[in-house]
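In: just coords:
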Ligand SMILES: Nc1nc(=O)c2c([nH]1)NC[C@@H]1CN(c3ccc(C(=O)N[C@@H](CCC(=O)O)C(=O)O)cc3)C=[N+]21
């Protein structure tokens with residue numbers, strides 16, 4: 001069994017980013033990322049802090065906007081407009097999900113698609129579907145593909161089962177896998193979800209299984225074929241009494257049970273998560289280049 005070490009691959013991606021940042025610096029350019037968080041969800045706060053730190057470590061310009069839970073839709077739209085107009089900002093990320101009184105889709109549509117480093121704006125969703133390389137690919141799906149490539153897992157002709165159909169992971173990763181190219185594409189893709197019948201029977205046919213359903217330890221050994229490759233996208237906080245923090249992070253895959261059957265598998269933490277952040281930096285650099 002091969003352990004796909006996302007943290008290591010992410011470090012390689014960040015080294016590539018560092019070289020590009022140095023090149024841009026020669027042209028007098030510094031990529032800038034703005035991260036906006038509304039409310040005080042502890043997991044979201046931790047994530048936003050980690051992004052801010054990674055940016056600064058790399059020498060990216062990073063701005064963090066932490067807004068109170070009772071921020072109005074109008075106030076958030078006004079901040080997005082301000083960031084759209086700010087020439088020092090090339091990437092804008094509004095942490096998902098926002099509080100319930102905010103219309104997330106309206107916020108995403110308000111972001112300048114050229115600064116939409118999450119790849120959630122309809123224009124970028126269209127570009128992904130059209131295989132237009134000027135668009136932004138959502139960071140987590142892009143990270144999954146990069147991990148497969150780095151681990152030497154060919155997707156050409158492989159049967160990939162994607163567990164989950166979210167706009168953030170399931171749908172875009174399925175599009176990338178079925179794209180007409182040999183760099184993580186050319187796969188035969190089945191997208192399964194909570195309404196799928198005979199789920200275990202289906203997932204057992206997967207050469208590659210991508211778990212992105214947001215349910216802790218959902219994928220058990222009997223759902224995985226011997227020799228399959230498993231990418232675990234889940235980031236679930238579960239209680240862990242007696243530990244320092246009182247919680248731990250587990251994936252959507254029951255790693256201990258599943259790993260022995262796998263050709264290769266990603267751990268959580270240290271798998272897809274660090275790749276998401278690295279690809280966010282890469283997208284911000286791309287935005288800076290394209291904005292000119
Ligand atoms: N607009 C928006 N864009 C996002 O990309 C986005 C978002 N909203 N909302 C929340 C989710 C979640 N997400 C994570 C990314 C990296 C880790 C990560 O690096 N985790 C580490 C450590 C986790 C820990 O120990 O706390 C790991 O897996 O090794 C986690 C979670 C991005 N998201």
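Out: The structure has been received and is ready for your questions. All figures in this text were calculated on a predicted structure; none of them were measured in a lab. Numbers count the residues shown, from 1 in each chain.
In: Verify the stated contact: residue 121 with residue 110.
Out: No: Residue 121 lies out of contact with residue 110 (C-beta atoms under 8 Å); the separation is 9.1 Å. Heads up, the C-betas are built off the backbone N, CA and C, glycines and all.
In: Could you report the neighbour count for residue 165?
Out: 17 (other C-beta atoms under 10 Å).
In: Reduced to three states, what does it come out as?
Out: For residue 165, the assignment made with DSSP: H, G, I helix; E, B strand; the rest coil gives coil.
In: dump the residue contacts of the nearest residue to it once chain neighbours are set aside.
Out: Of all residues not flanking residue 165 in the chain, residue 193 sits nearest, at 4.7 Å (C-beta to C-beta, 6 or more residues apart in numbering). If you count contacts by C-beta atoms under 8 Å, 6 or more residues apart in numbering, residue 193 has them with 163-165, 170, 213.
In: Identify the residues contacting residue 222.
Out: Neighbouring residues of residue 222 by C-beta under 8 Å, 6+ apart: 200, 204.
In: how near is it to the ligand?
Out: 25 Å (C-beta to the nearest ligand atom, to the nearest Å).
In: again with residue 209
Out: According to C-beta to the nearest ligand atom, residue 209 stands 18 Å off from the ligand.
In: Next: residue 290.
Out: 19 Å.
In: Over to residue 187?
Out: According to C-beta to the nearest ligand atom, residue 187 stands 23 Å off from the ligand.
In: cool, residue 105 as well?
Out: 13 Å.
In: would you say residue 287 is within a strand?
Out: No: read with three-state DSSP, residue 287 is helix and lies in no strand.
In: And the residue of the stretch 1-150 of the chain closest to the ligand?
Out: Going by C-beta to the nearest ligand atom, the ligand is nearest to residue 96 of the stretch 1-150 of the chain, at 3.6 Å.
In: Check what pLDDT that residue gets.
Out: The model reports residue 96 with a pLDDT of 95.
In: What of residue 43?
Out: 86.
In: which one of the contacts of residue 193 has the most neighbours?
Out: residue 163 (31 neighbours).
In: residue contacts, that residue?
Out: 170, 192-193, 203, 209-213, 218-219, 252.
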